[in-house]
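What shape does this take:
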Amino acid sequence: MPYLLDTNVVTQLLKRNPRVVERYRRALELGAQIYFSAVVYYEIKRGLLHLGAAKQLQQLDEEFKNVLYWAPVSDATWDRAAHLWAECRRQGKPHDDDGDLLIAAQAHVLGAVVVTRNTKDFTDLQIGVENWED
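Prediction:
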């Protein structure tokens, strides 16, 4: 099963959360495809740059960007995100976090499950979701 990591999961991996690290290692050992989103990269990198966290910036590239499958924001992703935004609005459940919409759209395009600590952020977005802290 392919996985797409949300920003908060990569943050927990950088912080070495034992439960999340164990689930991540297990998925890698089982040969799961784990995708690293360009959206997540942007969200984490901007925060680390702001903090001047040089060691974690290096980890971000060495342990994630250069190791995992890269998930760019493709035309198909933008198209799916726009449809998700419109569908949520029509249903009276507006979803204004563009980052989450883009991650959900990437997961849809990749056929991946989003791994996140905030499963409720993705419940109306028509994708599979897992919390590796459970």
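
For this protein, which segments count as strands?
3-5, 34-37, 69-71, 113-115, 129-130 (DSSP state E).

Parallel or antiparallel, list what pairs with the first one.
Okay, so that is strand 3-5. strand 34-37 (parallel), strand 113-115 (parallel) (DSSP bridges).

Ok, the shortest one next?
Note on strand 129-130: by DSSP bridges, its sheet partners are strand 113-115 (parallel).

Need the residues that contact the partner strand.
Applying C-beta atoms under 8 Å, 6 or more residues apart in numbering, the contact partners of strand 113-115 are 1-6, 9, 103-104, 107, 122, 127-132. For every residue, glycine as well, the C-beta is placed using N, CA and C.

before we move on, the earlier item: take the strands paired with strand 3-5 and lay them out in CSV including distance to residue 79, mean pLDDT and mean neighbour count.
Listed next are the strands paired with strand 3-5 as CSV, based on distance: least, C-beta to C-beta, whole Å; pLDDT from 0 to 100; neighbours: other C-beta atoms under 10 Å:
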stretch, distance to residue 79, mean pLDDT, mean neighbour count
strand 34-37, 16, 98, 22
strand 113-115, 18, 98, 24
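
Output the strands of the chain as a markdown table; include the columns distance to residue 89.
Converted to a markdown table, these look like this (distance: least, C-beta to C-beta, whole Å):
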| stretch | distance to residue 89 |
| --- | --- |
| strand 3-5 | 24 |
| strand 34-37 | 23 |
| strand 69-71 | 25 |
| strand 113-115 | 21 |
| strand 129-130 | 21 |
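
Sounds good, over and out.
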